[in-house]
Every structure is written in C-alpha cells, then in structure tokens.
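K.L.:
All I have is the shape, not the residue letters:
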C-alpha cells in the first residue's frame, strides 16, 4: 500500500528535488487468523535495497504470530528517483514511527475488512533492520532525539555503530541484538561488532563466522546461490553510489553526536574470501531474530523463556558458525 506522511518533508539531496511529504510504499505481513493483540515488528531495509529485502524473515515471523511492516525509504531505497543517499537515514526513524502510528491507528477498526484492525499490541513493538536499516533501528531505539519509546527491542543485522558516540547507548535500556560477521566486506567487524559490548550494556552480539554482508538479503539465495562471495558484487554496486568519506562525515554531523573516527571505509575487507551459502545464512539469522524477539516481546511466559534458553545456551552448541556474547549470555558455553 502507499502511505503518505504529510507532517514531514522529503529533503532535497543531489538530483532529488524533495517533496512536501514522505511517501512510503509499504508491505505488511499478517498472521492468518491472528488471535487478540499481536507484537509488531517494523523492518528497515539497507541502502539501495527495498521493503521486501528480508521477506524470508517477515514470512517466518508472521507465521509465528508477529505482524511485520516494511516500507521503501524515499531516498535510500533502490527505487529512489535518482541519486540515492545514505544521509536520509536521519529521517528514517521518523518513517518507522509513522508506520507504528499507522499500524496502531487501525485500532479500533477503521474498515470492517481491514486485516490489521485491532490486532496490534502497542506494548510489544520491535525495530529490525539490515545494514543502513540496522542503523535506523539502533537510532530509533537509542538516539536521544530520534528514539521512539514505544520500541521495546531492536535488532541490527550487519548494521554500523562506528558513526555513533558511546553516550547514545546510555539513553534507554532497550534490549539490542546485533548480528555481525568478521567476513563482512562492507561493515568492518573490528570497528563495529567487536566493540559493541563495550559501548552498549543492554546488547547481545551474535558473531556469524563466514557470513557476507550481501548474503543477509533475500535476493542472495536466488542470485548468489552458488557465488563464492556475494560481497564481491555488492561492493561493486555500493561503490558506484557511495562517496564514503564525504557522506559519512555529513551523516555524523546530521546525527548531532560526536563520534569515533571511522577508520575502515566499506569494501576494504577481503571480499574475495569464500563465504557461506546465503540460504544457510538466512536460516541462522531467522533462528536468532525469532529467539530474541520471543525472549523480549513474546506473548507468553513459556515463549519468552524458550527464546532466552535458546539464545543463552542452545544456539552456540548447535551451530558451529555462531558465537554469542553480551547481556544474559552464559560465558564460555561449551559446544556439543
């Protein structure tokens, strides 16, 4: 559906002339015969991607009682009119809040046939995103000016934290799951995932060894099914559209925070290294995100406890590619 937020403009960037409103092409995944009030997940896509980027994850979550909403961001999606920019990320938390408003506005029913009317639980809302969408989800959970207090949990899949000052994570005690890979050629692990737990006391870090950055996107399971490393193509595409030094410097300024110096630009890591098959990467990502969301916003005590047990103890024993650390994770958990 096409949703329009008339309260905020789309700024002018480069060849984009801007607009007096924010138009969001949106998809919503709804559980079949959802009983009562259900948790809401707002998914944010990465740079040069779109709202169906993680349909594999949205469909799984919806099949287990979650409502998932995702929109094409006006200036960072692949459908941007021209000259896509990462700088629109400072406006994307507002888009997520607008989607939350719209979904909650279906309560009480606005139309008899409205499939989401009256089934969203306003007390169980999470933000999930990939890459630039992971940064969007982090901002809406923690940023002192951009955060939305209705977001009770956040997931950043291969999202950056290096542009953010440490104090951003002191704003609110929101549970955060970050999925990061030392083999990610786009988001440097050493200056992002590796330092997260020092900066974010409520975070859990899942290190997924052998995962590529582009491999988290749903399209990878089709286009790059047998490709040695999807980042070899992803980096080529990214570098055609991103002036790293200039755009990140401007981005940090627009976030209004002093940030650590960004030492590692995208795609300087060895993208020629062989990585895991995207379908395997999707399966592990789905397991982790579902367990984390169940643990934080599950609708029953039994569901929440099962999610916590899986993350704290079982996952690392069952999956050799996974290491877990952070809040509530058992240290030095032995593998089977």
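P.N.:
Arrived safely. In this text the structure is predicted, and so the values were computed from the model without any measurement.
K.L.:
where's the residue most central in space within the chain, which helix or strand?
P.N.:
Taking Cα atoms, centre = their mean, the centroid of the chain lies closest to residue 129, which sits 1.1 Å from it. Applying DSSP states H and E as the criterion places residue 129 in strand 120-130.
K.L.:
So which elements touch the helix or strand following that strand?
P.N.:
Proceeding N to C from strand 120-130, the next assigned helix or strand is helix 132-142, under DSSP H and E. For helix 132-142, the packing partners by 3 or more Cβ pairs under 8 Å, 6 or more residues apart in numbering; DSSP states H and E come out as strand 38-44, helix 92-104, strand 120-130, strand 151-157, strand 176-180. All C-beta spots, glycine's among them, are computed from the backbone N, C-alpha and C.
K.L.:
and the gap between residue 181 and residue 171?
P.N.:
27 Å (Cβ to Cβ, to the nearest Å).
K.L.:
Actually, residue 277.
P.N.:
Distance from residue 277 to residue 171, by Cβ to Cβ: 38 Å.
K.L.:
for this structure, what helix or strand is lowest in average pLDDT?
P.N.:
The helix or strand of the chain with the lowest confidence, counting by mean pLDDT, DSSP states H and E, is helix 244-255 at a mean of 67.
K.L.:
Just the buried positions in the next helix or strand after that helix, please.
P.N.:
Counting by DSSP H and E, the next helix or strand C-terminal to helix 244-255 is helix 278-297. Neighbour-count burial for helix 278-297 flags 278, 280-282, 284-297 (criterion: 16 or more other Cβ atoms under 10 Å).
K.L.:
same deal with stretch 304-319?
P.N.:
Neighbour-count burial for stretch 304-319 [16+ other Cβ under 10 Å]: 304, 306-308, 310-312, 315-316, 319.
K.L.:
Rebuild these as JSON lines, extending it with distance to residue 228.
P.N.:
Formatted as JSON lines, the buried residues of stretch 304-319 follow (distance: Cβ to Cβ, whole Å):
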{"residue": "304", "distance to residue 228": "40"}
{"residue": "306", "distance to residue 228": "37"}
{"residue": "307", "distance to residue 228": "34"}
{"residue": "308", "distance to residue 228": "36"}
{"residue": "310", "distance to residue 228": "31"}
{"residue": "311", "distance to residue 228": "31"}
{"residue": "312", "distance to residue 228": "34"}
{"residue": "315", "distance to residue 228": "27"}
{"residue": "316", "distance to residue 228": "26"}
{"residue": "319", "distance to residue 228": "22"}
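K.L.:
biggest separation within those residues, which pair?
P.N.:
304 and 319 (21.4 Å; Cβ to Cβ).
K.L.:
before we move on, the earlier item: okay, residue 277 and residue 171: which has more neighbours?
P.N.:
residue 277 (17 against 14; other Cβ atoms under 10 Å).
K.L.:
Apart from its neighbours in sequence, what residue is nearest that one?
P.N.:
Distances taken as Cβ to Cβ, 6 or more residues apart in numbering put residue 225 closest to residue 277, at 7.0 Å, once the chain neighbours are dropped.
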